[in-house]
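Participant: based on what follows, work out the 3D shape:
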Amino acid sequence: MNPVPDIYRILPEVILTLTGVAIMLVDASIPPAWPRRYLGFLAAIGTTIAIWASVWQLSLPEGTGFFGTVETSAFTVFFHVLICGIVLAALLLSLDALPTYSHHQGEFYALIVFGAVGMCLLTSAVELLLVFIALEISSISTYILAGYRKETGRGPEAAIKYFLLGSFATGFLLYGIALIFGATGTTQVYQAARLAPVAQNQPLVLAAMALMLVGILFKVSAAPFHVWTPDVYEGAPTPVVALMSTAPKAAAFALLLRVVYEIFPHLRSVWEPLLWIVAVLSMTVGNLAALRQQNVKRMLAYSAIAHAGYLLAAFAGIGSIGIAAAAFYTAAYAAMNVGVFAVIVLVAGYDEQLSLIGDFRGLIYRSPLLGSLLIFFLISLIGIPFTGGFFGKFYSFSAAVGGGAIALAIIGLLNSGLAAAYYLRLALVTAQRPAEDEPARPMPHVGPAAIAAVALAVLVTLVLGIVPGATLHAAQSAAHTLQVPPQPSEAPGIPLQSGQ
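Facilitator: From the prediction side, this is the model:
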């Protein structure tokens with residue numbers, strides 16, 4: 001059989017890179033007075049082609065390319081499609097949310113696309129140095145996007161906090177990579193996985209795993225590495241929050257799955273109780289803090305911390321069951337979280353003049369469609385049946401029970417009941433009839449691109465809640481390919497060749 005050309009292994013990333021470069025070239029070529037909004041359509045078209053390219057990769061034989069640095073498998077395709085789908089929804093939402101003549105709009109769309117390159121590469125990299133590079137590509141883009149609203153004080157504050165704390169977290173990950181190289185003599189994932197259990201210096205392997213977990217858990221905003229989340233969510237533009245609360249986390253969870261299940265499966269007795277504790281802390285701290293919030297975006301920021309805990313509960317599952325549950329929950333959370341932030345940006349506007357929970361009072365009377373959609377996404381976040389959130393939590397907690405972590409599943413269920421309090425508070429305010437003396441609030445404007453973004457989120461949330469079988473099957477296929485790494489014919493220490 002002819003070997004697969006290496007370029008096919010990174011085809012979605014190549015398409016996204018060319019799209020970002022094209023946006024920058026067009027942006028620099030047109031007169032300054034011309035609107036840049038249509039560059040967003042170019043970004044959306046390129047992202048759609050990247051989704052097609054990701055699905056097409058399923059026709060390729062599983063294997064690696066570029067001397068064993070990138071991989072193509074059902075696992076990588078699952079997360080590529082998920083990440084590119086989130087990016088597409090964020091781009092469509094930005095087309096209607098950003099002011100027509102907002103500053104540096106071309107760079108805004110280019111940064112989103114370049115960030116997607118890093119996120120996709122992060123899920124397919126099987127060389128730890130490439131993991132670091134991909135993480136930096138993704139992180140630098142989101143650092144800049146977080147501070148896009150330079151006219152407000154909170155925008156630069158969010159970017160600086162995210163940059164400083166993110167740099168420390170990346171440093172932990174890089175130190176972990178250096179230690180695993182010191183213990184095994186390689187940074188290739190599959191070679192490190194074979195050599196780590198028999199390494200002479202096991203304390204070095206333990207330290208490497210601990211440092212890598214710190215860096216990854218920061219990216220998914222799990223407690224106690226969550227302190228950046230509320231301020232960054234509040235200060236960043238809402239379309240950016242819709243992106244950064246889902247796509248980078250999906251990529252980071254994919255990396256976490258690869259690290260614990262492929263590189264350190266022999267240390268399960270160490271990392272499983274650690275993730276157990278982090279899951280409980282994330283669920284409890286996130287939900288208790290969310291109960292006290294009056295700002296909608298800060299409430300959802302703490303909610304995101306709690307959802308990181310729900311997802312980490314799946315890591316208590318045995319083998320492919322835990323991997324599939326975590327992958328499914330990632331997809332379900334991405335759909336409903338993008339949807340809820342899409343509704344918020346359409347109601348509050350780019351300037352976010354309506355940022356408090358009380359500002360949403362009577363939304364269903366001012367805009368029945370947006371009010372109904374907000375309630376729909378909130379009940380999905382709670383985990384009500386016939387929504388993606390229900391099956392996401394069901395599979396995650398079932399995996400925990402199957403792995404023997406019954407107490408963790410019970411704590412998760414109790415926290416889900418606690419979370420219902422603040423989700424229902426916003427839902428009830430939305431459905432509450434406004435007082436007669438209450439000042440009239442502006443009617444939200446919903447453009448066609450935003451409608452497409454919200455419709456995509458609604459469709460995925462419903463599909464995952466009513467007919468989750470196809471997505472669950474894809475998650476299980478991804479889990480099996482992650483569980484069974486390819487066995488190279490070369491001796492240890494020699495990189496995998498392309499097409500194997």
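
Participant: end-to-end on stretch 345-365?
Facilitator: Distance between the boundary residues of stretch 345-365 (C-alpha to C-alpha, to the nearest Å) amounts to 18 Å.

Participant: which positions in that stretch come out as buried?
Facilitator: 345-350, 352, 354-357, 359-364 (16 or more other C-beta atoms under 10 Å). For every residue, glycine as well, the C-beta is placed using N, CA and C.

Participant: how about the nearest residue to Pro99, chain neighbours excluded?
Facilitator: Tyr350 (6.0 Å; C-beta to C-beta, 6 or more residues apart in numbering).

Participant: SS state for that neighbour?
Facilitator: Here Tyr350 is recorded as coil under DSSP: H, G, I helix; E, B strand; the rest coil.

Participant: could I get the phi/psi values of it?
Facilitator: phi -60, psi -40 (degrees, to the nearest 10).

Participant: hang on, it packs against Ser94?
Facilitator: No - Tyr350 is beyond contact range of Ser94, at 9.6 Å (criterion: C-beta atoms under 8 Å).

Participant: how near is Pro99 to Pro35?
Facilitator: Using C-beta to C-beta, to the nearest Å, we find Pro99 at a distance of 10 Å from Pro35.

Participant: show me which residues of stretch 386-398 are buried.
Facilitator: Thr387, Gly388, Gly389, Phe390, Phe391, Gly392, Lys393, Phe394, Tyr395, Ser396, Phe397, Ser398.

Participant: cool, stretch 257-275 as well?
Facilitator: 257-264, 267-268, 270-272, 274-275.

Participant: which other helices and strands does the strand or helix carrying Val87 contact?
Facilitator: If you go by DSSP states H and E, Val87 is part of helix 74-97. Applying 3 or more C-beta pairs under 8 Å, 6 or more residues apart in numbering; DSSP states H and E, one finds that helix 74-97 contacts helix 11-29, helix 38-56, helix 105-124, helix 238-244, helix 247-258, helix 320-348, helix 448-466, helix 469-483.

Participant: what packs against the third one?
Facilitator: To tie it back to what came earlier, the one meant is helix 105-124. Secondary elements touching helix 105-124 (3+ C-beta pairs under 8 Å, 6+ apart): helix 11-29, helix 38-56, strand 70-72, helix 74-97, helix 128-146, helix 247-258.

Participant: which residues touch Leu58?
Facilitator: Leu58 sits next to Ala74, Val77 when contact means C-beta atoms under 8 Å, 6 or more residues apart in numbering.

Participant: so the nearest residue to Val343 once chain neighbours are set aside versus Pro203, what's the distance?
Facilitator: Closest residue to Val343 apart from its sequence neighbours, by C-beta to C-beta, 6+ apart: Leu374 at 4.6 Å. Leu374 sits at a distance of 51 Å from Pro203 (criterion: C-beta to C-beta).

Participant: re earlier: out of the helices and strands packed on helix 105-124, which comes closest to Ala326?
Facilitator: helix 247-258 (6.2 Å; C-beta to C-beta).

Participant: can you list contacts of that closest one?
Facilitator: For helix 247-258, the external contacting residues (C-beta under 8 Å, 6+ apart) are 75, 79, 82-83, 86-87, 90, 115-116, 118-120, 122-123, 126, 131, 135, 138-139, 142, 189, 213, 216-217, 219-221, 304, 308, 311, 315, 323, 326-327, 330-331, 334, 482.

Participant: next one: stretch 221-228
Facilitator: Residues outside stretch 221-228 that contact it (C-beta under 8 Å, 6+ apart) are 161-162, 165-166, 169, 214, 217-218, 229, 249, 278-279, 281-282, 284-286, 304-305, 308-309, 312.

Participant: take the residues you listed and keep only those in strands.
Facilitator: Among those, none falls in strands (DSSP state E).

Participant: give me the buried entries from the residues you listed.
Facilitator: Taking 16+ other C-beta under 10 Å as the criterion, what is buried in the contacts of stretch 221-228 is 161-162, 165-166, 169, 214, 217-218, 229, 249, 278-279, 281-282, 284-286, 304-305, 308-309, 312.

Participant: what's near enough to touch Arg268?
Facilitator: By C-beta under 8 Å, 6+ apart, Arg268 lies in contact with Val260.

Participant: over to it. Which of the three states is it?
Facilitator: Here Arg268 takes the helix state, with states given by three-state DSSP.

Participant: just the pLDDT at it, thanks.
Facilitator: As predicted, Arg268 sits at a pLDDT of 91.

Participant: assign Pro224 to helix, strand or coil.
Facilitator: Under three-state DSSP, Pro224 comes out as coil.

Participant: per-residue pLDDT of it, please?
Facilitator: So Pro224 comes in at 91 (pLDDT).
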